[in-house]
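A.B. asks: no sequence for this one, just the structure:
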């Protein structure tokens, strides 16, 4: 057995990485190809257990065993492109015995200190531990695509806290406990990749992006210098160049950041440096009162950036929006003029391409004219709507983008890249480094033996920076620009279908009759209030409907849709479809469930 086992291991080693995947494939095909009568003695086949289950029983009758052997030989030849003569009967028999005898190790007394780097090659404990983690992850991936699985197994915070052990121990836990921790973490989390998760702008679980994130974590690199991340730095430059071209920026700069709020912070900082570079050394008091503008439906991160940078939250002035949620240019001009008249310094305007709630796109050309008149930096927050640039059918939504000085674009939203992945794109090259560099000579030495212009750390707010580019690059390589276009067009088609359902279904009412983007906002009126007179009392009751339905939705766990108020409007549902795994059936399911839950609630 020992000698035969060595041959088997040698044989599989020669197959390289294909061996493990083939073993799993072989089990799946065995289940498909062997008749029910022949597998009655082996219930594990029907349960699709992994390769270490008792599938290969030495007690099985010879015809079944021989059929397995013959099939394995044929599949190796076809799938692995291996000469059939290489597959000797003894090798197949030993391999099957090996699969049967390989049980999951008992990790109840094994600790992390016994893995790499302490463990010696060929690293059996490390290999098995990581493979078992991968099994947990793959099981989760499968559940995310199973509509019979819940989106969330909801528990209130106090209850969930009592169910889970999050204490930090003095002594390390066993590997078995760590595997349990991994499983429980996924079990009680929200499956944001589920086709019926519509709660946030970011949803879905792309397999290529997931693979990219796994590789990124394995590489465990840092984006601050070329010497540490040569491939990733070059890759980021290439991807950002492509994104700037799509935005209409012929030259310029950019960087990937931890999210849209940080990208917007980069924009405000670059704009302030462009107009008042002395602030970097002397502080805000050296120039007087600065003012920034954003729409009343723009993202709160602009106001947060003003507070963080010492401009002051009160000096972030909001501009009125029209009924469709778009910034009103005339109000911007009036307020910029007022600020100027006070002797203050208006220097930055944030237009939004795809507002968070209504999905509105501000009129960039008109806003640009005002910015030029008052010498203000124009930034476009396209964190949500930037992905429309990938579609020839919908890129008109960002008309005039080339007139802007900078843009935020989050591929982790509409494009479906796994979190986090956000880009700040600038038309002017060099300004990021000018405003952010601290010239730390222990890290960004200028006498390195390579072109140090490829070091990115001195233009970043951060020092250490996560590699966010690989998953985006790999996904873009897989789909191509045309693939992203198809994906985005499909999502917009689903939204048009949802609008049709809402308009046709009694008790539902659109917030905007004709939304221009993926955000579909609507109310549901339970039968008990449909004949009520419209007014404050009616609005007060409507305001309670969405939260009540959402509570039932969460308790059922079968779907998630967000809700919110807006200005003086009572709570309404905001459904966003950014997961290409969703179908028309899923969209209809949401409408059906909201109606069902709505009929159950009592508001009196």
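C.D. replies: Sure, I can see it. As the structure is a computational prediction, the values presented were derived from the model and not from experiment.
A.B. asks: got any ranges where the stretch 251-400 of the chain has weak pLDDT?
C.D. replies: Judged against pLDDT under 70, the stretch 251-400 of the chain has no low-scoring part.
A.B. asks: now swap in the stretch 451-600 of the chain and tell me
C.D. replies: In the stretch 451-600 of the chain, no residues with pLDDT under 70.
A.B. asks: now the helices: where do they sit in it?
C.D. replies: 469-504, 536-556, 584-600 (DSSP state H, counting those that start in this stretch).
A.B. asks: Could you dump the ones you listed into CSV and include distance to residue 356 and mean neighbour count?
C.D. replies: In this view, the C-beta of every residue, glycine as well, is placed from N, C-alpha and C. Formatted as CSV, these follow (distance: least, CB to CB, whole Å; neighbours: other CB atoms under 10 Å):
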stretch, distance to residue 356, mean neighbour count
helix 469-504, 16, 18
helix 536-556, 16, 16
helix 584-600, 20, 17
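A.B. asks: would you list those in a markdown table and tack on distance to residue 363?
C.D. replies: Formatted as a markdown table, the helices of the stretch 451-600 of the chain follow (distance: least, CB to CB, whole Å):
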| stretch | distance to residue 363 |
| --- | --- |
| helix 469-504 | 20 |
| helix 536-556 | 30 |
| helix 584-600 | 30 |
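A.B. asks: out of those helices, which comes closest to residue 145?
C.D. replies: Shortest distance between residue 145 and the helices of the stretch 451-600 of the chain, using CB to CB, is found for helix 584-600: 11.7 Å.
A.B. asks: Would you map the strands across the protein?
C.D. replies: 197-198, 253-257, 290-295, 316-319, 345-352, 377-382, 406-409, 422-426, 508-510, 520-524, 560-566, 569-575 (DSSP state E).
A.B. asks: any idea which of those strands is most buried?
C.D. replies: strand 406-409 (a mean of 31; mean count of other CB atoms under 10 Å).
A.B. asks: what about residue 333, how many neighbours?
C.D. replies: When neighbours are defined as other CB atoms under 10 Å, residue 333 has 17 of them.
A.B. asks: The one 3 residues further on now?
C.D. replies: Neighbouring residues of residue 336 were enumerated by other CB under 10 Å; the total is 21.
A.B. asks: how near is residue 122 to residue 303?
C.D. replies: 56 Å (CB to CB, to the nearest Å).
A.B. asks: out of these two, which sits in the busier spot?
C.D. replies: Shown here are residue 122 and residue 303; by other CB under 10 Å, residue 303 has more neighbours (21 against 9).
A.B. asks: For residue 508, which non-adjacent residue is closest in space?
C.D. replies: Using CB to CB, 6 or more residues apart in numbering and skipping residues adjacent in sequence, the residue nearest residue 508 is residue 502, 4.5 Å away.
A.B. asks: how close does the one you found sit to residue 414?
C.D. replies: Taking CB to CB, one finds residue 502 at 21 Å from residue 414.
A.B. asks: same check, this time on residue 300
C.D. replies: 20 Å.
A.B. asks: quick revisit: who wins for proximity to residue 221 among the strands of the chain?
C.D. replies: strand 253-257 (13.5 Å).
A.B. asks: Ends of stretch 313-330, what's the gap?
C.D. replies: Stretch 313-330 has its terminal residues 23 Å apart, counting by CA to CA, to the nearest Å.
A.B. asks: residues making contact with that stretch?
C.D. replies: Here stretch 313-330 makes contact (CB atoms under 8 Å, 6 or more residues apart in numbering) with 289-298, 302-304, 306-307, 331-332, 335, 339, 344, 351-352, 355, 357-363, 366-367, 369-370, 512, 516.
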